[in-house]
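*Asks:* Give the three-dimensional model of this entry:
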Amino acid sequence: MAEFSALDIVVLAGGISHERDISLRSGRRVADGLNSLGHKVTFRDPDASLLGFLAENQPDVVWPALHGASGEDGALRALLEQTGIPFVGSRTDAARLAWSKPTAKTIVARAGVATPASVTLPKETFRELGANSVLATVVAGLHIPVVVKPAQGGSAQGVTIVESAEELPRAMVDAYTYSDVALIERKVEGVEVSVAVIDAGEGPRALPAVEIEPVEGAYTFDARYNAGETRFYVPARLSADVAKSVADAATTAHTALGLRHLSRIDLIVDTQGVPWFLEANVLPGLTETSIMPQAIDAAGLVVGDVYAALAYAAIAEAEAGDVQL
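*Replies:* Predicted structure coming up:
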């Protein structure tokens, strides 16, 4: 297919996850960017008619903008692979690896990137061993402060920064609201940064890191998506050497996890300038307040052009018969 030809693109957004509203906002931004270039865009909320619609209409490419389990745990991607229609983003197995924060931490650590010490605890562990003794053991081993988060999920839902042992039980309950498995991670003090990685067929490229500074407290769900609640510095206020280390850590994580086309890698840069991997996002937020559009702008690129380039890359890989992770 000739580059820059008009495409028939289905943008998927919405779904039934806790992040439905954010997904709809992301999807509309993607659709607007693609429409501005003259592509034919169909905006779809996945439902029982989706697979039949794709089989009947056979679009050139599907552009998933689905956050949360409905778009990032690999299940929908597995079905898209079965249709044979090219789609933007990571394939099934890579998505499943990144969706599990403990698994992603293990893989990225093996690739040489630092990641905070942590403990992964399913709900069943508390019933079997007793909540009090389990949490006392965690506090003794990891030490406070810690960060408690669901082992799967995004947008900081169910995430708590725990500053005292007394806060830990409540934090565990909050995390278990979103996942049956919780990750307790030693808190690393430093600068919070997020790095968008894109690959339109020329290898993964880290865009300028975005430094995140909430106006008050932590980078919560509201701070992410309500304008004015977070200060973003693009590029992040890092020395050239540290900025390179951060970019290298992000592309290493992206590659180690087998991610494709786009990702967002979240890190903490400690006081010594060492980047610590926190998690990888298979489908980063693409709303008006999200990290990736800001990074695209900082790189001197146009969001619509980037989204279209990723669509062309997905088609080219499908035509080349590229089925590797």
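
*Asks:* so where's the chain shaky on pLDDT?
*Replies:* Low-confidence segments of the chain, defined by pLDDT under 70: 1-4, 154-155, 216-228, 322-325.

*Asks:* who touches the residue positioned nearest the centre of it in this structure?
*Replies:* For the chain, the residue nearest the mean C-alpha position is residue 281 (1.4 Å; C-alpha atoms, centre = their mean). Contact analysis of residue 281 by C-beta atoms under 8 Å, 6 or more residues apart in numbering lists 72, 98, 154, 263, 264, 265, 266. For glycine as for every other residue, the C-beta is placed from the backbone atoms N, C-alpha and C.

*Asks:* Dihedrals phi and psi, the first one?
*Replies:* When you say that, I think you mean residue 72. phi -120, psi -10 (degrees, to the nearest 10).

*Asks:* do the last one as well
*Replies:* Summarising the backbone geometry of residue 266 under the convention degrees, to the nearest 10, its torsions are phi -100, psi 130.

*Asks:* I'd assumed residue 197 was in contact with it.
*Replies:* No: counting by C-beta atoms under 8 Å, residue 266 does not reach residue 197; the two are 11.5 Å apart.

*Asks:* Name the residue in the two with the higher neighbour count.
*Replies:* Set residue 266 next to residue 197 and count neighbours by other C-beta atoms under 10 Å: residue 197 wins out with 25 against 21.

*Asks:* Could you confirm that one falls within a strand?
*Replies:* Yes: the assignment for residue 197 is a strand, going by DSSP: H, G, I helix; E, B strand; the rest coil.

*Asks:* From residue 241, how far off is it?
*Replies:* Residue 197 is 20 Å from residue 241, where distance means C-beta to C-beta, to the nearest Å.

*Asks:* List the buried residues in stretch 36-46.
*Replies:* Buried residues in stretch 36-46, counted by 16 or more other C-beta atoms under 10 Å: 39, 41, 43, 44, 46.

*Asks:* ok, which stretches of the stretch 51-200 of the chain are helices?
*Replies:* Secondary structure of the stretch 51-200 of the chain (DSSP state H, counting those that start in this stretch): helices located at 69-72, 75-83, 92-99, 101-110, 123-129, 131-142, 168-176.

*Asks:* of all the ones you listed, which lies closest to residue 312?
*Replies:* Residue 312 sits nearest to helix 75-83 of all the helices of the stretch 51-200 of the chain, at 17.2 Å, using C-beta to C-beta.

*Asks:* Counting by contacts, list what that closest one packs against.
*Replies:* On a contact count with 3 or more C-beta pairs under 8 Å, 6 or more residues apart in numbering; DSSP states H and E, helix 75-83 meets helix 50-57, strand 61-64, helix 92-99.

*Asks:* could you give the angle of that helix to helix 92-99?
*Replies:* Angle, helix 75-83 to helix 92-99, by axes from the mean of the first three to the mean of the last three C-alpha atoms, to 10 degrees: 170 degrees.

*Asks:* For helix 75-83, list the C-alpha coordinates in PDB.
*Replies:* Taking Å, rounded to 0.1, in the frame of the first residue of the first chain, the C-alpha atoms of helix 75-83 are listed here in PDB:
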ATOM      1  CA  ALA A  75      -7.900 -10.500  24.900                       C
ATOM      2  CA  LEU A  76      -9.300  -8.100  22.300                       C
ATOM      3  CA  ARG A  77      -6.000  -8.000  20.600                       C
ATOM      4  CA  ALA A  78      -6.100 -11.800  20.300                       C
ATOM      5  CA  LEU A  79      -9.400 -11.600  18.500                       C
ATOM      6  CA  LEU A  80      -8.200  -8.800  16.200                       C
ATOM      7  CA  GLU A  81      -5.300 -11.100  15.300                       C
ATOM      8  CA  GLN A  82      -7.800 -13.800  14.400                       C
ATOM      9  CA  THR A  83      -9.600 -11.400  12.000                       C
END
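
*Asks:* what about residue 16, neighbour count?
*Replies:* Residues lying near residue 16 (other C-beta under 10 Å) number 14.

*Asks:* quick one, domains of this protein?
*Replies:* According to automatic domain parsing, the chain comprises the domains 8-88, 97-114+189-307, 118-186.

*Asks:* count of neighbours near residue 296?
*Replies:* Neighbour count for residue 296, taken as other C-beta under 10 Å: 23.

*Asks:* what do you get for residue 124?
*Replies:* Residue 124 has 10 neighbours, counted by other C-beta under 10 Å.

*Asks:* roughly how far apart are it and residue 134?
*Replies:* Per C-beta to C-beta, residue 124 is found 11 Å from residue 134.

*Asks:* And for residue 311?
*Replies:* 47 Å.

*Asks:* Which one of the two is surrounded by more residues?
*Replies:* Comparing residue 311 with residue 134 by other C-beta under 10 Å, the one with more neighbours is residue 311, at 25 against 17.
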